[in-house]
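K.L.:
After the sequence you'll find the predicted model.
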Amino acid sequence: MFKKVGDTLAIVFLAAFACAVIFFPLDVQQGAGIKITEGSVSFWGGSRVVWGRLSDGLANFGHFTAAFPYFMGFLKVGLLATFGEMLKNRRKNGSWSVPSLIPRFILWGITGMVFTLVFALFGIGTEALMKTNLWFSCSNETCNNILRAFSTSLLQNLIFSYPMMLGHEWCNEVINRKKFLGGAEFLANLDSHVWGSFIPKTILYFWIPAHTVTFLLPKDYRVLMSAVLALALGFLLTVKVKKNA
């Protein structure tokens with residue numbers, strides 16, 4: 001009974017999330033000063049949040065993300081990645097219940113904020129690098145865009161992904177054990193096959209190609225795409241584990 005209710009709520013959540021993105025109701029306009037008026041609220045820098053047209057939902061979503069990148073990064077990754085953890089638990093144990101759900105949501109949210117910064121860092125940095133003789137470039141615009149996306153994904157994943165995953169795993173262990181872990185204690189309990197072989201292979205065969213597609217998208221949708229990919233990968237890995245069990 002409870003499993004069926006949880007499954008129904010999960011479908012409702014995904015549908016509601018998709019509708020919230022596609023028909024995002026809030027838009028951001030540039031105003032002057034800080035004031036509160038009917039139908040809109042002005043923030044720092046003169047940005048005004050107003051009710052937009054639902055038919056322009058995706059554009060509204062992009063404008064809002066551009067205006068409040070860290071807040072949206074926290075929310076998007078926090079919600080989707082936490083749902084991904086619940087989905088993995090449902091596949092493995094038959095229950096949607098995840099221990100310490102709020103701390104895990106906060107951890108994923110902070111990770112989303114880091115994604116927001118890192119995506120911009122590598123996106124802008126790689127584009128600048130391609131204008132020098134330190135990296136490759138194409139004279140054809142389409143070729144150059146694909147090369148830029150691949151190069152950004154390659155550099156980001158080779159430099160950032162493994163340390164980020166390892167740091168996230170350490171935070172998860174702190175949450176699980178409810179105590180601070182030293183480096184030696186943490187590393188001693190890592191699965192050598194997972195972290196020595198499996199994780200590097202996912203970076204090479206999944207994350208680099210997937211983030212190449214991500215970096216072909218407009219900047220305001222990249223963190224959202226990364227959160228969706230993390231959810232999808234978690235689901236696929238869980239299915240594989242259960243199938244081989």
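P.N.:
Yep, that arrived. Numbering: from 1, shown residues only.
K.L.:
Next secondary structure element downstream of the helix of greatest length in the chain?
P.N.:
Using DSSP state H to define each element, the chain has its longest helix at helix 101-129. Using DSSP states H and E, the helix or strand that directly follows helix 101-129 along the chain is helix 141-156.
K.L.:
just to revisit the earlier point, the longest helix of the chain versus helix 141-156: what angle between them?
P.N.:
Our comparison of helix 101-129 with helix 141-156, counting by axes from the mean of the first three to the mean of the last three C-alpha atoms, to 10 degrees, yields an angle of 130 degrees.
K.L.:
mean confidence score for helix 101-129?
P.N.:
Helix 101-129 shows a mean pLDDT of 95 in the predicted model.
K.L.:
Check which helices and strands that helix sits against.
P.N.:
Judged by 3 or more C-beta pairs under 8 Å, 6 or more residues apart in numbering; DSSP states H and E, helix 101-129 is in contact with helix 69-93, helix 141-156, helix 162-177, helix 222-244. Every C-beta, even on glycine, is put in place using the N, C-alpha and C of the backbone.
K.L.:
packing partners for the first one?
P.N.:
Under the contact criterion of 3+ C-beta pairs under 8 Å, 6+ apart, the helices and strands touching helix 69-93 comprise helix 2-22, helix 101-129, helix 222-244.
K.L.:
Any chance of those in CSV with distance to residue 137 and mean neighbour count as columns?
P.N.:
Converted to CSV, these look like this (distance: least, C-beta to C-beta, whole Å; neighbours: other C-beta atoms under 10 Å):
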stretch, distance to residue 137, mean neighbour count
helix 2-22, 33, 12
helix 101-129, 9, 18
helix 222-244, 21, 17
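K.L.:
Dump those into a markdown table; add distance to residue 29 as well.
P.N.:
As requested, those are arranged in a markdown table below (distance: least, C-beta to C-beta, whole Å):
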| stretch | distance to residue 29 |
| --- | --- |
| helix 2-22 | 20 |
| helix 101-129 | 22 |
| helix 222-244 | 22 |
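K.L.:
For residue 195, find the nearest of the ones you listed.
P.N.:
Distance to residue 195, taken as C-beta to C-beta, is lowest for helix 222-244 among the helices and strands packed on helix 69-93, at 14.3 Å.
K.L.:
returning to that earlier point: return the distance of the longest helix of the chain from the chain's centre.
P.N.:
Mean C-alpha position of helix 101-129 versus that of the full chain (C-alpha atoms, centre = their mean, to the nearest Å) differs by 7 Å.
K.L.:
which of the helices and strands packed on helix 101-129 is buried the deepest?
P.N.:
Ranked by average neighbour count under the criterion mean count of other C-beta atoms under 10 Å, those are headed by helix 69-93 at a mean of 19.
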